[in-house]
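*Asks:* Requesting a structural model of the entry that follows:
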Amino acid sequence: MLDEFKTFIARGNVMDMAVGIIIGAAFTAIVASLVGDLINPLIGLLSGGVDFTDNYAVLAGEVPEGASLEAAREAGAAIFAYGAFVMAVINFLIIAFAVFMLVRLVNKIKDAAAKEVEPAPEAPKGPTAEELLAEIRDALKAKT
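*Replies:* The predicted structure follows:
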């Protein structure tokens, strides 16, 4: 069983997947900062200072007027946190777009590399072996 595990771990696919997961985790931190530090303030500026994260509706329980989402959760009220959901959707769309652009770039690089390796055009083909033998036969017949 230990040998099977070593073989499984040593496969290229598993190592590639591990590298992808690590890079993905780091990329998630970058996107979270992009959204939290750059995009959310811009959305807030464009929407007149509205921060979607703290938008929620109280379903049951007592929450003071104007309390933050965190305060409403701490109060134990049942809340419908649609603002946090909107921000999660925005985060997803940004990540999906970034991944799309990354895949697009990688595909362009692959295509450029494939064009560089393209073989030179083939020289015109000569007669086949059968055609050469027929010519030799005809030449020998003509001599006799």
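
*Asks:* What segments of this structure are strands?
*Replies:* 57-60, 78-80 (DSSP state E).

*Asks:* Residue nearest the middle of the chain, spatially speaking?
*Replies:* Among the residues of the chain, the one closest to the centroid is Val99, at 3.2 Å (Cα atoms, centre = their mean).

*Asks:* In stretch 95-109, which residues are buried?
*Replies:* For stretch 95-109, burial by neighbour count (16 or more other Cβ atoms under 10 Å) applies to Ile95. In this view, the C-beta of every residue, glycine as well, is placed from N, C-alpha and C.

*Asks:* returning to that earlier point: let's have the strands of the chain in JSON lines, adding mean pLDDT and mean neighbour count.
*Replies:* Listed next are the strands of the chain as JSON lines, based on pLDDT from 0 to 100; neighbours: other Cβ atoms under 10 Å:
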{"stretch": "strand 57-60", "mean pLDDT": "82", "mean neighbour count": "11"}
{"stretch": "strand 78-80", "mean pLDDT": "85", "mean neighbour count": "14"}
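
*Asks:* Point out the one among these that comes closest to Leu93.
*Replies:* Between Leu93 and those, the tightest spacing by Cβ to Cβ is seen for strand 78-80, at 21.5 Å.

*Asks:* Paired strands for that closest one, with orientation please.
*Replies:* Strands that pair with strand 78-80, judged by DSSP bridges, come out as strand 57-60 (antiparallel).

*Asks:* who touches the partner strand?
*Replies:* Strand 57-60 is contacted from outside by Ala72, Ala77, Ala78, Ile79, Phe80, Tyr82, using Cβ atoms under 8 Å, 6 or more residues apart in numbering.

*Asks:* on that earlier part again, export the strands of the chain as JSON lines, with columns for distance to Ile39.
*Replies:* Converted to JSON lines, the strands of the chain look like this (distance: least, Cβ to Cβ, whole Å):
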{"stretch": "strand 57-60", "distance to Ile39": "24"}
{"stretch": "strand 78-80", "distance to Ile39": "23"}
